[in-house]
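# Turn this into a model:
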Amino acid sequence: IIYIIRIFNQPMKLFSALVIAFMLSGCFIFGDPVEFDETTGQTPQWILTRGEAYASNSDWPAAIKVLEKGEQRYPNSKLAPQFKLDLAYSYYRFSQDAEAIAMLDKFIRLYPNHPTVDYAYYLKGVVLFQDRGLFDKFTLQDISDRDVAPLKDSFIAFKALIERYPDSKYYDDAIIRMTYLMNKMAEHEIHVARYYMIRKAYVAALNRAQYVLQEFPQTIHQEEALIIMISAYEFLGIKDLQADTEKILKLNYPESKFHTKDLQAQKKKWWHIWDSLYD
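Sure thing, here's the model as predicted:
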């Protein structure tokens, strides 16, 4: 009580206390400060132009922030499709691949007849086209655990593009990427087949090699798939299928250095053949 009486007897301290109390109460009344939103009250065209300006300067966080506002605020605008495409591309450039794919799928679902839907398929394939050195280095301990699902998904997206829009300006590039992806997926199967051969899991190796022959008939790994099959049949003692596969190898690759007789003459076994296969 004595302390309060003293404050009231000192006008300046009383005034300061009242100001502080008012400021504190103001925080409770008005809440936390609101972040400035430059898109408030702006037209869809202004927001889209602003987002594209940020993107042109590679300021992807700012571009995403602005374009998300436009996409959410004007879902029925004539610019709504462009918001989604620009936003998907910005997500992709900012390494938010899941968000990019989700936005492209949304675009394809909502605008299946849009003039730029071919670009949506193409960009989806590009976003998924993430090799990231998956096959540059591998170990026999973990090769069977490698995940090639993104490569398959990328291939499917490009395939949808070329089948539905053969006149698209993205057609040629999609074909090139699909060829690359097919070879990479076949290469993965060959790596796994080698792994199984070394582990003496010959039936598993056969299945992988046969899969390459059936699913990737135009890749560069056909010859090696046949060689693995011949080796596996030999170890399994299945002479008739071994002989049939050797005939196929000779028919399709008459100049191959890895016919059985050549290997026997060089006193080589199956585990030596990959050292010089692509020399």
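
# in the stretch 51-200 of the chain, which segments are predicted with low confidence?
131-146 (pLDDT under 70).

# Helices of that one, start to end?
60-73, 80-93, 97-110, 117-128, 149-164, 171-198 (DSSP state H, counting those that start in this stretch).

# and of the ones you listed, who's closest to Y211?
helix 171-198 (5.6 Å; Cβ to Cβ). C-beta coordinates here come from the backbone N, C-alpha and C atoms, glycine included.

# Next, the angle from that closest one to helix 117-128.
30 degrees (axes from the mean of the first three to the mean of the last three Cα atoms, to 10 degrees).

# Next, the buried residues of helix 171-198.
Residues 174, 177-178, 181-197 are the ones in helix 171-198 that count as buried (16 or more other Cβ atoms under 10 Å).

# Which neighbouring elements make contact with it?
Contacts defined by 3 or more Cβ pairs under 8 Å, 6 or more residues apart in numbering; DSSP states H and E place helix 171-198 against helix 117-128, helix 149-164, helix 202-215, helix 222-236.

# Mind listing residues that contact the shortest one?
So the one you mean is helix 117-128. 85, 88-89, 92, 97, 100-101, 104-105, 107-108, 111, 114, 150-151, 153-155, 157-158, 160-161, 164-165, 168, 170, 173-174, 177 (Cβ atoms under 8 Å, 6 or more residues apart in numbering).

# Of all the residues in that helix, which ones are buried?
117-128.

# now I248, what's its secondary structure?
helix (DSSP: H, G, I helix; E, B strand; the rest coil).

# Nearest residue to it in space, please, no chain neighbours.
L226 (6.2 Å; Cβ to Cβ, 6 or more residues apart in numbering).

# ok, that neighbour - contacts?
Applying Cβ under 8 Å, 6+ apart, the residues near L226 are 209, 213, 245, 248-249, 252-253.

# if we can go back for a sec, Y74: which of the helices and strands packed on helix 171-198 is closest?
helix 117-128 (19.0 Å).

# what phi and what psi does the backbone show at P115?
As for P115, its main-chain torsions (degrees, to the nearest 10) stand at phi -60, psi -20.

# can you tell me which residues contact it?
P115 neighbours (Cβ under 8 Å, 6+ apart): none.

# No more questions from me, cheers.
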